[in-house]
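Undergrad: coords below, sequence missing:
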């Protein structure tokens, strides 16, 4: 049995462009901090050991598993959740492409896919099929069979190119 | 699926980190990328009293490529090393480590200290004869502040068992050294996994050096998933100093299988892993020889 005292820590997270101060125990996962402490329930929690990818958020612009990171470790960093992907003019190209291409059914995995794909296209604006598969390989979807998700990634790349 | 309680420490420099680790002893655990440790905490496989988060020790994120080899600091993430591409075999291995999103957080040195016998990077360190630098606090002589002492542990002595390394309580792995390749040398990494990004059922990395006539003058393989620690086999003799086209591959595969001691589990039987390791060794040595020939 652990005898750790688990005292709480005051941290500041930049979440979707806003500085949020929050007091958390050392063991609070970033995913739980976002959902429970900050009320941002768009970040979904599936497996809690890094396999399913549902809890993926952007940490300083790079996709990471929020269930595999302590909230205290994220102190002082910038986090983008699915709630922060839309711009002032509405949904982002990736979000619209997922809608257009029917790249979701139940939607549970979608926030993780949207964050992963947003970062993927940021780094590689015109990925090949193979690069898309590699890029989304860490996100599981139990409904779609992935075909429409792959289509949506290519469609999002088109939308981004048209709108830039 | 939440971590058990622990005392969280966020040291700002190496001295402070080593002091906390020295005080925590066997009840302390280092948190770097956390891509293996946090699942273990979530599943309550690990329950340290003290968690020492080294993510604020920015000095440990360096990747230094010199003529002799590459030194990777404890905070260099898989993805950063993959992008910096300081060593061909490291890049080949890193592409096989989990998924890109995991590689954004996971660290190279963390993978070594975690010492999973199914992981790629321990085999890379072993086949290259690299080393890990361990630091601990050294009490200062009377009146002097505490210092830091380090020791370099060669890969052959670093991996001591499944998920066990030579790092002792109170020690922090601060960097790892991957030796550079000699001229006319090629490398390759081949593995078979049930699903993309999963741990491999078996895997082989190879380092092959050719002589001026393009005959194989040295060949070593590092095997993954066929023993409690990475298994390194020198197959130079089995290659009979021939060019790759006429190497007796059955002999190479046999030499590797002789040294492998795989276990069977729900994913694959021991016999299948033994078969795989020979096939993968042949493929990896062929790939590496082709790369060496340029």
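TA: Received, thanks. Just so it is clear, the model here is predicted, and its values are computed rather than measured. Numbering: from 1, shown residues only, chains lettered A, B, ... in the order given.
Undergrad: Phi and psi next, for the most centrally placed residue in chain A.
TA: For chain A, the residue nearest the mean C-alpha position is residue A:57 (2.8 Å; CA atoms, centre = their mean). Reported as degrees, to the nearest 10, the phi and psi values for residue A:57 are phi -130, psi 170.
Undergrad: Tell me the residues on chain B that lie near chain A, please.
TA: Applying CB under 8 Å from any CB of the partner chain, we find that chain B lies next to chain A at B:1-8, B:10, B:31, B:34-35, B:38-39, B:41-43, B:47-51, B:53, B:55, B:79, B:98-102, B:104-105, B:196-197. All C-beta spots, glycine's among them, are computed from the backbone N, C-alpha and C.
Undergrad: What subset of the residues you listed is buried?
TA: Among those, those classed as buried by 16 or more other CB atoms under 10 Å in any protein chain shown are B:3-8, B:10, B:31, B:34-35, B:38-39, B:41-42, B:47-51, B:53, B:55, B:79, B:98-102, B:104-105, B:197.
Undergrad: which residues touch residue A:143?
TA: Residue A:143 is in contact with A:104, A:105, A:106, A:109, counting by CB atoms under 8 Å, 6 or more residues apart in numbering or on different chains.
Undergrad: For residue A:14, give its distance to residue B:287.
TA: Going from residue A:14 to residue B:287 by CB to CB, to the nearest Å gives 45 Å.
Undergrad: Compare these two (neighbour count), which wins?
TA: residue B:287 (20 against 15; other CB atoms under 10 Å in any protein chain shown).
Undergrad: ok, the more buried one to chain A distance?
TA: Distance, residue B:287 to chain A, using CB to the nearest CB, to the nearest Å: 19 Å.
Undergrad: What segments of the stretch 1-150 of chain B are strands?
TA: B:7-9, B:28-31, B:50-53, B:63-66, B:69-73, B:131-138, B:147-154 (DSSP state E, counting those that start in this stretch).
Undergrad: next one: chain A
TA: Secondary structure of chain A (DSSP state E): strands at A:8-15, A:18-25, A:56-59, A:62-65, A:78-80.
Undergrad: So which bits of the lengthiest helix in chain B are buried?
TA: Counting by DSSP state H, the longest helix found in chain B is helix B:270-293. Within helix B:270-293, the residues scored as buried using 16+ other CB under 10 Å are B:273-289, B:291-292.
Undergrad: Also stretch B:255-267?
TA: For stretch B:255-267, by 16+ other CB under 10 Å, it's B:255, B:256, B:257, B:259, B:260, B:262.
Undergrad: Repeat that for stretch A:126-146.
TA: In stretch A:126-146, counting by 16+ other CB under 10 Å, buried: A:127, A:132, A:134, A:135, A:136, A:137, A:138, A:139, A:140, A:141, A:144, A:146.
Undergrad: if I pick the third one, what's in contact with it?
TA: With contact set as CB under 8 Å, 6+ apart, residue A:134 has these partners: B:100, B:196.
Undergrad: returning to what we had before: rebuild the buried residues of stretch A:126-146 as CSV, extending it with pLDDT.
TA: Below are the buried residues of stretch A:126-146 laid out as CSV (pLDDT from 0 to 100):
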residue, pLDDT
A:127, 98
A:132, 97
A:134, 93
A:135, 95
A:136, 96
A:137, 94
A:138, 94
A:139, 97
A:140, 97
A:141, 97
A:144, 95
A:146, 97
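Undergrad: Dump these into a markdown table; add distance to residue B:66 as well.
TA: Output for these, formatted as a markdown table (distance: CB to CB, whole Å):
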| residue | distance to residue B:66 |
| --- | --- |
| A:127 | 34 |
| A:132 | 37 |
| A:134 | 31 |
| A:135 | 33 |
| A:136 | 37 |
| A:137 | 34 |
| A:138 | 33 |
| A:139 | 38 |
| A:140 | 41 |
| A:141 | 44 |
| A:144 | 48 |
| A:146 | 43 |
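Undergrad: which one of these is nearest residue A:113?
TA: Relative to residue A:113, the closest of the buried residues of stretch A:126-146 is residue A:139; by CB to CB it sits at 5.2 Å.
Undergrad: what's the distance between the closest one and residue A:108?
TA: Separation of residue A:139 from residue A:108 (CB to CB): 11 Å.
Undergrad: Give me the common contacts of those two.
TA: Taking CB under 8 Å, 6+ apart as the criterion, residue A:139 and residue A:108 both touch residue A:54.
Undergrad: which sections of the stretch 1-150 of chain B are below the confidence cut-off?
TA: B:143-145 (pLDDT under 70).
Undergrad: if I pick residue A:115, what's in contact with it?
TA: Residue A:115 makes contact with A:56, A:57, A:58, A:63, A:80, A:81, A:82, A:85, according to CB under 8 Å, 6+ apart.
Undergrad: Now do it against residue A:94, distance only.
TA: Distance, residue A:115 to residue A:94, using CB to CB: 9 Å.
Undergrad: Now for those two: what residues contact both?
TA: Listed as contacting both residue A:115 and residue A:94 by CB under 8 Å, 6+ apart are residue A:85.
Undergrad: Near residue B:139, how many other residues are there?
TA: So residue B:139, with other CB under 10 Å, has 10 neighbours.
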